[in-house]
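Trainee: Quick check, what structure comes out for this input:
(one chain, ligands or ions: 1)
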Amino acid sequence: MQIAIDGPAGSGKSTIAKLVATKLGFIYCDTGAMYRTATVMALRKNLPLDDEAAIMDQLKDLTITFKPSAEGQLVFMDGEDVTLAIREPDATNNVSQVSALPQVRENMVARQREIAANNDIVMDGRDIGTTVLPNAEVKVFMVASVATRAQRRHKENVEKGIMTSVADLEKEIAERDRKDSSRAVSPLRKAADAVEIDSSNMTIDEEVAEILTLVKTRR
Ligand code: C5P
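Mentor: I've put the predicted structure just below:
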């Protein structure tokens, strides 16, 4: 079974997707972490972020792997733990530019489909229901106001020791939404058959319960 959870930055997708996966015993794939890892690689190698050929040259052999841990999920780039590095402002502020490159998307989508091929999976991102797993049995599109999303991100960042103001986060989130929604290749969009969940006034437990109910009806 495939469960696709899409939505804008900070809509709570990852938190909910992880919990749903744990409850069902499915694997969880955070596709945003994959685009973030590609961005960290390009920044570290000082590649111009609009040089698709240079980025692809390095990306094609780059390994991106996940490992479950007590604190969530660890992300590795060629074996190096980049779990924290991919959440730094530099990666966050540049990821939309890298993720808009068509060949980068093609490469990531192929990796994501491979991960999904032999597993019951919960996958979260921007284009999972529309492009990566168009036949997913359950598709959810999560939304929340920019203010709510910035508050949530702020809380998460504080817990991780990353210091950013709520006002800056609001700007960053709105800008990332704009870029992710307006790119030419598989922009952030609700799939026609996705169920929209507005999490602004819902608890995490309520959101998870709503998705588990959907899963029951589609099984
Ligand atoms: O989900 P997260 O906020 O970590 O995603 C980081 C960025 O990766 C997004 O802003 C977007 O540019 C890109 N992304 C994407 N397609 C996905 C997942 C993430 O373009 N499926």
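
Trainee: Kindly report the residues of the chain close to the ligand.
Mentor: Contact residues (Cβ under 6 Å from any ligand atom) of the chain with the ligand: 9, 31-32, 35-36, 95-96, 99, 125-128, 176, 180. (Each C-beta comes from the backbone N, C-alpha and C, glycine too.)

Trainee: and with 8 Å instead?
Mentor: Applying Cβ under 8 Å from any ligand atom, we find that the chain lies next to the ligand at 6, 9-10, 13-14, 30-36, 39, 86, 92, 95-96, 98-100, 105, 108, 112, 124-128, 132, 176, 179-180, 183, 186, 188.

Trainee: In helices only, show me those.
Mentor: Among the residues of the chain next to the ligand, DSSP state H puts 13-14, 31-36, 39, 92, 95-96, 98-99, 105, 108, 112, 176, 179-180 in helices.

Trainee: Disregarding flanking residues, what is the spatial nearest neighbour of Arg218?
Mentor: Counting by Cβ to Cβ, 6 or more residues apart in numbering, Arg218 lies nearest to Glu137, which is 4.4 Å off, once chain neighbours are set aside.

Trainee: Please, where are all the strands along the protein?
Mentor: With DSSP state E as the criterion, the chain has strands at 2-6, 27-30, 64-69, 72-77, 80-81, 121-125, 138-143, 195-198.

Trainee: Can you add mean pLDDT and give those back as a markdown table?
Mentor: A markdown table is the format used below for the strands of the chain (pLDDT from 0 to 100):
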| stretch | mean pLDDT |
| --- | --- |
| strand 2-6 | 98 |
| strand 27-30 | 96 |
| strand 64-69 | 93 |
| strand 72-77 | 93 |
| strand 80-81 | 98 |
| strand 121-125 | 98 |
| strand 138-143 | 97 |
| strand 195-198 | 96 |
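
Trainee: can those go into JSON lines with extra columns for distance to Lys155 and mean neighbour count?
Mentor: Supplementary listing: the strands of the chain in JSON lines, determined by distance: least, Cβ to Cβ, whole Å; neighbours: other Cβ atoms under 10 Å:
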{"stretch": "strand 2-6", "distance to Lys155": "20", "mean neighbour count": "26"}
{"stretch": "strand 27-30", "distance to Lys155": "19", "mean neighbour count": "21"}
{"stretch": "strand 64-69", "distance to Lys155": "20", "mean neighbour count": "14"}
{"stretch": "strand 72-77", "distance to Lys155": "15", "mean neighbour count": "17"}
{"stretch": "strand 80-81", "distance to Lys155": "23", "mean neighbour count": "12"}
{"stretch": "strand 121-125", "distance to Lys155": "19", "mean neighbour count": "28"}
{"stretch": "strand 138-143", "distance to Lys155": "17", "mean neighbour count": "24"}
{"stretch": "strand 195-198", "distance to Lys155": "19", "mean neighbour count": "15"}
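
Trainee: lowest average confidence, helix or strand, in this structure?
Mentor: The helix or strand of the chain with the poorest confidence is helix 146-160; it has a mean of 90 (mean pLDDT, DSSP states H and E).
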